[in-house]
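A.B. asks: heads up, no residue letters with this:
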């Protein structure tokens, strides 16, 4: 009887931990999405194209810095480094598109609002295709908060 009770307690504890980890991971992904959504809102609320471009550039640069810092952390596994590298490549691509660098045409001023939406959608897809651990996701969020 005691064994059965202990086994049930262990199973329930494991199940609750899985639920909590899933909730924290979802919250971390939501925070990254919120970061990009806030960027899009700021861009759309600004009339001057130079300011729109500066907002996008600054936010992408902050994300890039955060990814560099996290990638160089001793807490990051090789598997996480692969995910970070993939995410960094996506962020770098968006920076290149915005600036018209490395073979990309510069995003025209009249398309900056649409580009900010594209960055949000691209981030949502990256959440599903790039795998990083919970610890790394939380580190990225903390560093972004510290940078901003």
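C.D. replies: Thanks, I have it. Bear in mind that the values here come from a model prediction, so they are computed numbers and not experimental data. Numbers count the residues shown, from 1 in each chain.
A.B. asks: what sits against residue 82?
C.D. replies: With contact set as C-beta atoms under 8 Å, 6 or more residues apart in numbering, residue 82 has no partners. Bear in mind the C-beta positions are built from the backbone N, C-alpha and C, glycine included.
A.B. asks: pLDDT of the helix or strand containing it, averaged?
C.D. replies: In this assignment (DSSP states H and E), residue 82 forms part of helix 78-99. In this model, helix 78-99 has an average pLDDT of 88.
A.B. asks: tell me the buried residues in that helix?
C.D. replies: If you call a residue buried by 16 or more other C-beta atoms under 10 Å, then helix 78-99 has these buried ones: 80-81, 83-84, 87-88, 90-91, 94-95, 97-98.
A.B. asks: which of the residues you listed sits closest to residue 53?
C.D. replies: residue 98 (6.6 Å; C-beta to C-beta).
A.B. asks: so how far is residue 110 from the closest one?
C.D. replies: According to C-beta to C-beta, to the nearest Å, residue 98 and residue 110 sit 14 Å apart.
A.B. asks: same check, this time on residue 53
C.D. replies: 12 Å.
A.B. asks: between the two, which has more neighbouring residues?
C.D. replies: Remark: of residue 53 and residue 110, residue 53 carries more neighbours, 19 against 8, as counted by other C-beta atoms under 10 Å.
A.B. asks: which strand or helix spans that one?
C.D. replies: Residue 53 belongs to helix 49-71, assigned by DSSP H and E.
A.B. asks: quick check: buried residues in that helix?
C.D. replies: Neighbour-count burial for helix 49-71 [16+ other C-beta under 10 Å]: 49, 52-53, 55-56, 59-60, 62-64, 66-67, 69-71.
A.B. asks: contacts for it?
C.D. replies: 35-36, 39, 42-43, 46, 76, 81, 84-85, 87-88, 91-92, 94-95, 98-99, 107, 109-110, 112-113, 115-116, 119, 136, 139-140, 143-144, 147-148.
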